[in-house]
Structures are given as C-alpha cells and as structure tokens.
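**Q** Quick one, structure for this:
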Amino acid sequence: MSMSNSPPMNVFDIAGRAMSAQLVRLNATASNMANAGNVTGSAAEAYRAIKPVFESVTDTPGVSTVKVKNVITTSAEPTKRHDPNHPLADANGDVWEAAVDGNAELVDMIETARMYQNNVQVLNTAKSLMLETIRIGK
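**A** The predicted model follows:
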C-alpha cells in the first residue's frame, strides 16, 4: 500500500498500536517470569527468555507508529547446577536452570506497564478534549 492511499492516522490509532506492542512485550515478560527457575535435564531443553523486536512504521508522512516485527529467543545460556538428587538430573547429576534474569524481567514488566499506562492517559486526554470540543460546539 502506498503512503498516498494510507488512511490518515489519528491519536487513537497511534496510541492503540503502541498499546498493542506493549501488550506483546508484557506477555513475553510474563512468560519469562513464569518459566524463571524451571529446571530441565539438558541445556538444549532449558527455557530461554523471549523478547519482542519492535519496528518503527511510517504509514503517513510525518507520523510514525510501532509494531512488533517478531519475537526472538535470547541467546542467554541456561545455568548448569549440580543436583544429583533432582529427578531430572542427567547421568552426571546436573540440571539446567532456565536462562531468565528475574530482576531484569521485573524491571521490564514495570517499564512496560508504565508505557501502557502512558498510552491509556493519551487516549483519555484525547477523549476528554474531543468531548469538550463537542460540548463547546453545542
């Protein structure tokens, strides 16, 4: 679709796209947190954190929005721990913990929630301004 045929963007479209992107980020963080501390019997089976990759999109000249390009698995390596009594331990008595940094995920979760809330505030402000304009026009 060429830019000349693109529908005009408005604040609701822009904030909505940003909120959708942050929702993907929040879901990825929740998945990472849910798997933090999980152990497996091999490094290959261990969970690795996932992260969304964002891409700037310019549908209308001078107006940029964001979209999720894809969700990638990080290259972080799981932590090997010697625990011969663990039921998933391999022949050497080792298990592998998920490659998730719980502290970093908490920071991401807080940051994502704030960004989402900022966009909610943008929508509420735009709505209030439109309603006030309508009220003045009556």
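**Q** immediately after the one helix or strand residue 57 maps to, which helix or strand?
**A** If you go by DSSP states H and E, residue 57 is part of strand 50-60. Sequence-wise, the next helix or strand downstream of strand 50-60 (DSSP H and E) is strand 63-73.
**Q** picking up where we left off before, how far does the strand holding residue 57 sit from the chain's center?
**A** Averaging C-alpha positions (Cα atoms, centre = their mean, to the nearest Å) puts strand 50-60 11 Å from its chain's average.
**Q** So which residue is dead centre in this structure?
**A** residue 25 (0.6 Å; Cα atoms, centre = their mean).
**Q** got the buried residues for the one helix or strand that one maps to?
**A** Per DSSP H and E, residue 25 falls inside helix 11-35. Within helix 11-35, the residues that count as buried by 16 or more other Cβ atoms under 10 Å are 14-15, 17-22, 25-26, 28-29, 31-33, 35. From N, CA and C alone the C-beta is placed, and that goes for glycine too.
**Q** ok, of these, which one's closest to residue 92?
**A** Of all these, residue 92 sits closest to residue 35, with 23.4 Å by Cβ to Cβ.
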